[in-house]
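> Provide a 3D model corresponding to the input given below.
(chains A, B, C, D, E, F, G, H, I and J)
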Number of protein chains: 10
Amino acid sequence: MEKEAIRSKVKAARLGKKLTIADVAKVVGKNPTFVAAALNGNHRLTPDEAVKVGQLLDLDNEIVQSLSRFPVRTDLPNMTDPFKYRLLEIVGLYGDSLREVANEMFGDGIMSAIDFTVDMEKVTGSQGETRCKITLNGKWLEYKTF
Amino acid sequence: MEKEAIRSKVKAARLGKKLTIADVAKVVGKNPTFVAAALNGNHRLTPDEAVKVGQLLDLDNEIVQSLSRFPVRTDLPNMTDPFKYRLLEIVGLYGDSLREVANEMFGDGIMSAIDFTVDMEKVTGSQGETRCKITLNGKWLEYKTF
Amino acid sequence: MEKEAIRSKVKAARLGKKLTIADVAKVVGKNPTFVAAALNGNHRLTPDEAVKVGQLLDLDNEIVQSLSRFPVRTDLPNMTDPFKYRLLEIVGLYGDSLREVANEMFGDGIMSAIDFTVDMEKVTGSQGETRCKITLNGKWLEYKTF
Amino acid sequence: MEKEAIRSKVKAARLGKKLTIADVAKVVGKNPTFVAAALNGNHRLTPDEAVKVGQLLDLDNEIVQSLSRFPVRTDLPNMTDPFKYRLLEIVGLYGDSLREVANEMFGDGIMSAIDFTVDMEKVTGSQGETRCKITLNGKWLEYKTF
Amino acid sequence: MEKEAIRSKVKAARLGKKLTIADVAKVVGKNPTFVAAALNGNHRLTPDEAVKVGQLLDLDNEIVQSLSRFPVRTDLPNMTDPFKYRLLEIVGLYGDSLREVANEMFGDGIMSAIDFTVDMEKVTGSQGETRCKITLNGKWLEYKTF
Amino acid sequence: MEKEAIRSKVKAARLGKKLTIADVAKVVGKNPTFVAAALNGNHRLTPDEAVKVGQLLDLDNEIVQSLSRFPVRTDLPNMTDPFKYRLLEIVGLYGDSLREVANEMFGDGIMSAIDFTVDMEKVTGSQGETRCKITLNGKWLEYKTF
Amino acid sequence: MEKEAIRSKVKAARLGKKLTIADVAKVVGKNPTFVAAALNGNHRLTPDEAVKVGQLLDLDNEIVQSLSRFPVRTDLPNMTDPFKYRLLEIVGLYGDSLREVANEMFGDGIMSAIDFTVDMEKVTGSQGETRCKITLNGKWLEYKTF
Amino acid sequence: MEKEAIRSKVKAARLGKKLTIADVAKVVGKNPTFVAAALNGNHRLTPDEAVKVGQLLDLDNEIVQSLSRFPVRTDLPNMTDPFKYRLLEIVGLYGDSLREVANEMFGDGIMSAIDFTVDMEKVTGSQGETRCKITLNGKWLEYKTF
Amino acid sequence: MEKEAIRSKVKAARLGKKLTIADVAKVVGKNPTFVAAALNGNHRLTPDEAVKVGQLLDLDNEIVQSLSRFPVRTDLPNMTDPFKYRLLEIVGLYGDSLREVANEMFGDGIMSAIDFTVDMEKVTGSQGETRCKITLNGKWLEYKTF
Amino acid sequence: MEKEAIRSKVKAARLGKKLTIADVAKVVGKNPTFVAAALNGNHRLTPDEAVKVGQLLDLDNEIVQSLSRFPVRTDLPNMTDPFKYRLLEIVGLYGDSLREVANEMFGDGIMSAIDFTVDMEKVTGSQGETRCKITLNGKWLEYKTF
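Numbers count the residues shown, from 1 in each chain, chains lettered A, B, ... in the order given. Next up, the predicted model:
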């Protein structure tokens, strides 16, 4: 909602000044498609770039700051943002396999999502690359027979 | 498919013998609804119970064994099985929050689902309870600007 | 809606103070992902923690109180909140089996959802654990032939 | 599948004899729409009626018997059969209310669908009518904070 | 929308007075789940009960009246209210059969939904019970060949 | 399924003879699009036309007969066949209004779809036109309070 | 939206006067279900009838006029209004057949929806009936190989 | 189905000969992606190219012929083939506008899809280009009031 | 939203002047369906035409300008606008083939959508026609084994 | 389908030998979850590993070879495989921005998906990394007015 509001205010300001996206891109020194994506809230500018765009389009301060915030990318057709999508893809790719391994390891049941904690850490991989480690930890619940 | 096949063979055998679910439940010594769920492939019997049901219904060996395998519970309307569902619920409940924390910790990007490993361990909780620990570990990928 | 409003006011207050989620988590003494989930309305703080967060972020009283209310967790992709989901999962897992047992017990018909009552009690299980017992009670309706 | 097979065999037999649905209905002594629904597997005939239809259409024994079995009515557009639907309707109508009452009674959590039993009984209502009583009984699980 | 507004005003009033649903139920003399459903707009109170709730919660007149109006029950997951649902269920259960009988009676075509009238009457059944009779009456339209 | 089988056998026969749809249409004396729709099972030929197409394409007897049966038109994207669709459209257009009138006439409840009969008659309208009259007749069920 | 607004203002006015739909129908001299559909925006009154309803309910001028405008009927469950639906039904029934005939007539490609015009005319059919003729005219685009 | 069968037989033949898609593309003299699309049934080869591929992969005659037939392109995610899609896009873009113009021209009703004909012609546009003209012609049906 | 607002203001102005779409079309000199589509925001007028419509309907300046802006066509049932749809169609038609060629060229992995750039150019085709060239450029990511 | 067949044959062979997934993983020297994913057709083994698994489980040659083929990962809930998904994500993230830039560059129209070619190349990025470059090239089509 807020994203939609910022997007339409920036567009109104740009059209009011009769400036094209290409004009804005020239001031920032980047590709017009990238800049269009940033003005639409799907990418972010650096704070300096945001200030330049703000001066060009006479944007108020709050909007200028929003242009360099972390974007939540939700314009995907019928999908979630790319970060959450990777988590869903992992459930898709490994979900059946995790259940099979869990059946061998624990028996017939599930990992609770209620008696549950999650933690995220920044770790370094074997090639020196930055890696994201997410640990899911839930109580094992056995199916009750009756 | 295989589940459907077993389910309909068991039903045909039971109807052929003119036995009710309640009759089968009596032999097993459990609640009729539970036994119906087991015969429908949504719960499992113990190997002994499966043998008793097999003798009662003249089932061949392969079907008897299938009655005590780990069931994959997929009769949910428009949903996945309970094990995978908990993983999806976790994405729903913590997905936005993990992205926000990741943004603070790493910047603007995603955890790769390709340069990625997953591991599952059996651990013991602070109350002595059995817990399931799943570790997701993916390379951090930064959005490229252009 | 109200949840969305509170979520965005808390976020605005936090960004206005240039505080990270980790800063808030430190004041509360809990994990940043959990605190992020609470600020997003998917978990709740204790009243004391809510007061601390309110002082840190200069939140007005109504918002502070909302942070320790029972959350309705609805950020799940295409799903309902976890409480209602368990009820749906039960329909999925036991629905066909209940119909079969009902057919044996009553004949061809349904349990009415109109001439119907529901009741919930707190009971103690055989291991001393707290259990939730929900009783559904509906008139049996027989299919009419014509 | 089985239902589809029976439905199409009955139809083939009827067309092969150049009989209309109205002809079949006359032999049974019921309304043509009801009889059509029975031949389509959405209603059932009495065993006597099934025998009459079997003689009229030269159906083999197994099909005759299937015409008086309990039908599973699944021809609803995008829906489940009427029995399971009432259960879903109950979740829809009372789900939020049950969660609110559970929150007051137990705190913040869910009724487990894993450590869970269900039972069904035939009871008599205050007007002497037959009623169906279904008891759901699950362990209460409290959300863990971290 | 209006329903949502009333629901949230009643909730705000109740929380403002620090009253539980159980407290309200006691004043009305009914089951807490039923009263919760009424306050959520899925059931209705009698006018007397509504007045009592209004006095307890200091509700203004318009809201008190709304508590005893006929509710439109739309909290069903992905479904319509129970009244319209029965009509859809009838289409599901009898739709194919009605088309087959119509084919025999009229030929290849449809009953128009445009040159069409509908009427509803209250009638008495053979057991003296109240019945609802709905008559659909549409022009028959034959498929044109060309 | 059967429809798909007939459709693909007719197509194979036609391609085997190196005949276009236009060639078939010429023999029948109708528009190629109509004939294509008939060969695809969405329209029907007269018995005479079906015989001509059968001779042209060397079709066996069963397929020839199927070409003049009443078609069930189900190639609609995400929809049902036209006959059932009109019934759904009627529920859409008049469903809310019928509920409001029913509320005034009967009180708070539904027309049962279980204790229910349906009947179809051929009647003549005021302009002498053929009309289809469908009568729905279900027991009225009042919501129970508790 | 506007439709919803009118619908709820009319309802509020009617309830404020303690008039039933049947009362309104009597003034207009039509069936209560039809009048309910008109007040819900799914049918229209004649201008004279609208004036009578306006006087009965003290409606302001703009609402009175809206009651005799052409309604857009959109209360269908998961569907479009009846006019657009017939166009979709035509695509469903004739789409595959048109593609096959187009393949024979033009080769492998599509009719453009961009270099495209549409026209509608009122024509008279062979029985003197009014007919609606819609002409679609698009450039033929051939698939490019590479 | 047939498409799937051909696709998998061609793939099996190619893998059996240890040939890459690039190898096949070289023999045909076209781009590997286009050739892959043709082998997957989403484009077609010329008869000469099909023969060359058949010789390279030892395909039997029927498969070779199928490689140069008009493809039905249905691998689109949740969509129809491109030809039918343009028709749906036209309904989307012009549907509301056609209804408004029809309301002015005819009154309140619909164009029948039952008493209806469709015709397709090849015409030449003002720039000499080939155009596809589709004429829809249906009886106008006026809404009946009651 | 903005589109909806403009659409309804233009409609209100036109109805206030008691002008038909055909009247507006006459002033502009174009087909009524095209003009209706433009007034509904699915096509655009030239600036001169927009001024004429503005004078006819007394529209304020901002609305006049909006009538000749590039329309975003989103009235498609369950679909996206035509420009984005072509991109989705390309994924549907060539997606599997691109993966197969990529597997041969790179191995088992994906083209990153994060470490990724996109560029668009205007180029001239071999027939002198204007073409749109879009270049996607992403890092290749290999699946990690573990 | 083929994937499903292989998956179930491998599972049958493993269960027949009474071997766990962990036993198979030990022979291959990899993580059980990864090996489970490979046996389920969501990852691939090296040819050597596949031979080892084949010897352990007595698999026939064709299945052994399939275990080291490029997997098509389609077990995602309601989604496509990861390769095609990235293409859809790109349409989601850049689609609106590409349309806006195209509007500035070309005017009001679309890039054709019919008069269209696509090409894929392997290129080296500025950090020496392997990149995948996909070029889309379609004729520009201008909307026609009428």
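> tell me where the longest helix sits in chain A.
helix A:82-106 (DSSP state H).
> what packs against it?
When contacts are defined as 3 or more Cβ pairs under 8 Å, 6 or more residues apart in numbering or on different chains; DSSP states H and E, helix A:82-106 packs onto helix B:82-106, strand B:109-124, strand B:130-142, helix J:21-28, helix J:32-39, helix J:82-106. Every C-beta, even on glycine, is put in place using the N, C-alpha and C of the backbone.
> make JSON lines out of those and add mean neighbour count.
Formatted as JSON lines, those follow (neighbours: other Cβ atoms under 10 Å in any protein chain shown):
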{"stretch": "helix B:82-106", "mean neighbour count": "22"}
{"stretch": "strand B:109-124", "mean neighbour count": "19"}
{"stretch": "strand B:130-142", "mean neighbour count": "20"}
{"stretch": "helix J:21-28", "mean neighbour count": "18"}
{"stretch": "helix J:32-39", "mean neighbour count": "24"}
{"stretch": "helix J:82-106", "mean neighbour count": "23"}
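> close to chain D: what parts of chain A are there?
Within chain A, the positions near chain D by Cβ under 8 Å from any Cβ of the partner chain are A:109-110, A:112, A:114-119, A:141-144, A:146.
> of those residues, closest to chain J?
residue A:110 (16.5 Å; Cβ to the nearest Cβ).
> check contacts around the residue lying closest to that closest one once chain neighbours are set aside.
Spatial nearest neighbour of residue A:110, excluding adjacent residues (Cβ to Cβ, 6 or more residues apart in numbering or on different chains): residue B:83 at 4.9 Å. By Cβ atoms under 8 Å, 6 or more residues apart in numbering or on different chains, residue B:83 lies in contact with A:95, A:98-99, A:102, A:110-111.
> dump these to a markdown table, plus distance to residue C:127.
Shown next, in a markdown table, are these (distance: Cβ to Cβ, whole Å):
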| residue | distance to residue C:127 |
| --- | --- |
| A:95 | 30 |
| A:98 | 28 |
| A:99 | 26 |
| A:102 | 23 |
| A:110 | 19 |
| A:111 | 20 |
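> mind putting those in a markdown table, pLDDT included?
Output for the contacts of residue B:83, formatted as a markdown table (pLDDT from 0 to 100):
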| residue | pLDDT |
| --- | --- |
| A:95 | 82 |
| A:98 | 86 |
| A:99 | 85 |
| A:102 | 86 |
| A:110 | 91 |
| A:111 | 93 |
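> any idea which of those is closest to chain F?
Taking Cβ to the nearest Cβ as the measure, chain F lies nearest residue A:95 of the contacts of residue B:83, at 27.7 Å.
> break chain A down into its domains, please.
As given by automatic domain parsing, the domain ranges for chain A are A:2-66, A:82-142.
> of the residues of chain A next to chain D, which pair is most distant in space?
By the measure Cβ to Cβ, A:119 and A:146 form the most distant pair in those, at 35.6 Å.
> residue A:119 bridge partners, please.
residue A:135 (DSSP bridges).
> could you do the one 4 residues further on as well?
The bridge-partner assignment for residue A:123, based on DSSP bridges, gives residue A:131.
> test my guess that it contacts residue A:135.
No. Between residue A:123 and residue A:135 there is no contact under Cβ atoms under 8 Å: 10.9 Å.
> ok so, going back, mind putting the domains of chain A into a markdown table with distance to residue F:89?
Shown next, in a markdown table, are these (distance: least, Cβ to Cβ, whole Å):
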| stretch | distance to residue F:89 |
| --- | --- |
| domain A:2-66 | 34 |
| domain A:82-142 | 36 |
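> please identify which of those is closest to residue J:7.
Residue J:7 lies closest to domain A:82-142 among those, at 9.5 Å (Cβ to Cβ).
> and that closest one, how far from the chain's centre?
19 Å (Cα atoms, centre = their mean, to the nearest Å).
> stretch A:117-134: end-to-end distance?
Terminal residues of stretch A:117-134 are spaced 11 Å apart (Cα to Cα, to the nearest Å).
> let me know the average pLDDT across it.
Mean pLDDT, computed over stretch A:117-134, is 92.
> contacts (any at all) between chain J and stretch A:61-72?
No. Using Cβ under 8 Å from any Cβ, stretch A:61-72 stays clear of chain J, coming no nearer than 9.7 Å.
> how far does that stretch stretch from start to finish?
End-to-end distance of stretch A:61-72 (Cα to Cα): 20 Å.
> need the residues that contact it.
A:3, A:6, A:9-10, A:38-39, A:41-47, A:49-51, A:53-54, A:81, B:99-100, B:103, B:108.
> get me the contact residues on chain A for chain J.
A:20-22, A:32-33, A:36-37, A:40, A:42, A:73, A:75-77, A:79, A:82, A:85, A:88-89, A:91-98, A:100-101, A:104.
> quick one: low-confidence ranges for chain A?
A:1, A:74-80 (pLDDT under 70).
> touching, residue A:146 and residue B:34? I think so.
Yes. Here residue A:146 reaches residue B:34: they are 5.1 Å apart, a contact under Cβ under 8 Å.
> shared neighbours, these two?
residue D:117.
> can I take it that residue A:49 is in a helix?
Yes. The assignment for residue A:49 by DSSP: H, G, I helix; E, B strand; the rest coil puts it in a helix.
> which ones are touching the residue nearest to it when sequence neighbours are not counted?
Once flanking residues are discounted, residue A:49 sits nearest to residue A:28: 4.8 Å by Cβ to Cβ, 6+ apart. Listed by Cβ under 8 Å, 6+ apart, the contact set of residue A:28 reads A:35, A:45, A:49, A:52-53.
> ok, back up a step: tell me the one among the contacts of residue B:83 nearest to chain H.
residue A:95 (20.7 Å).
> how near is the closest one to residue F:84?
37 Å (Cβ to Cβ, to the nearest Å).
> measure the nearest residue to residue A:115 once chain neighbours are set aside to residue B:24 for me?
What sits nearest to residue A:115 in space, not counting adjacent residues and going by Cβ to Cβ, 6+ apart, is residue A:139, at 4.0 Å. Here residue A:139 is placed at a distance of 33 Å from residue B:24 (Cβ to Cβ).
> and what of residue A:12?
Residue A:12 is 71 Å from residue B:24, by Cβ to Cβ.
> CA atoms only: put stretch A:17-34 into CSV for me.
In CSV, the C-alpha atoms belonging to stretch A:17-34 read as follows (Å, rounded to 0.1, in the frame of the first residue of the first chain):
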residue,chain,number,x,y,z
LYS,A,17,8.1,17.9,-14.8
LYS,A,18,7.7,16.2,-18.2
LEU,A,19,10.7,14.1,-17.5
THR,A,20,11.2,10.6,-19.0
ILE,A,21,12.6,7.6,-17.1
ALA,A,22,15.6,8.0,-19.3
ASP,A,23,16.1,11.5,-18.1
VAL,A,24,16.1,10.3,-14.5
ALA,A,25,18.5,7.5,-15.4
LYS,A,26,21.0,9.9,-16.9
VAL,A,27,21.2,11.9,-13.6
VAL,A,28,21.8,8.8,-11.7
GLY,A,29,24.2,7.3,-14.2
LYS,A,30,22.4,3.9,-14.4
ASN,A,31,20.4,1.8,-16.8
PRO,A,32,16.8,3.1,-17.4
THR,A,33,15.2,-0.3,-16.6
PHE,A,34,17.0,-0.5,-13.3
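> show me the beta-bridge partners of the residue nearest to residue A:115.
residue B:131.
> residues contacting it?
Residues near residue A:139 by Cβ under 8 Å, 6+ apart: A:111-112, A:115-116, B:125, B:129-132.
> could you identify the most distant pair in those?
Within the contacts of residue A:139, A:116 and B:130 form the most distant pair, 13.6 Å apart (Cβ to Cβ).
> which one is residue A:32 nearest to, not counting chain neighbours?
Of all residues not flanking residue A:32 in the chain, residue A:25 sits nearest, at 4.2 Å (Cβ to Cβ, 6+ apart).
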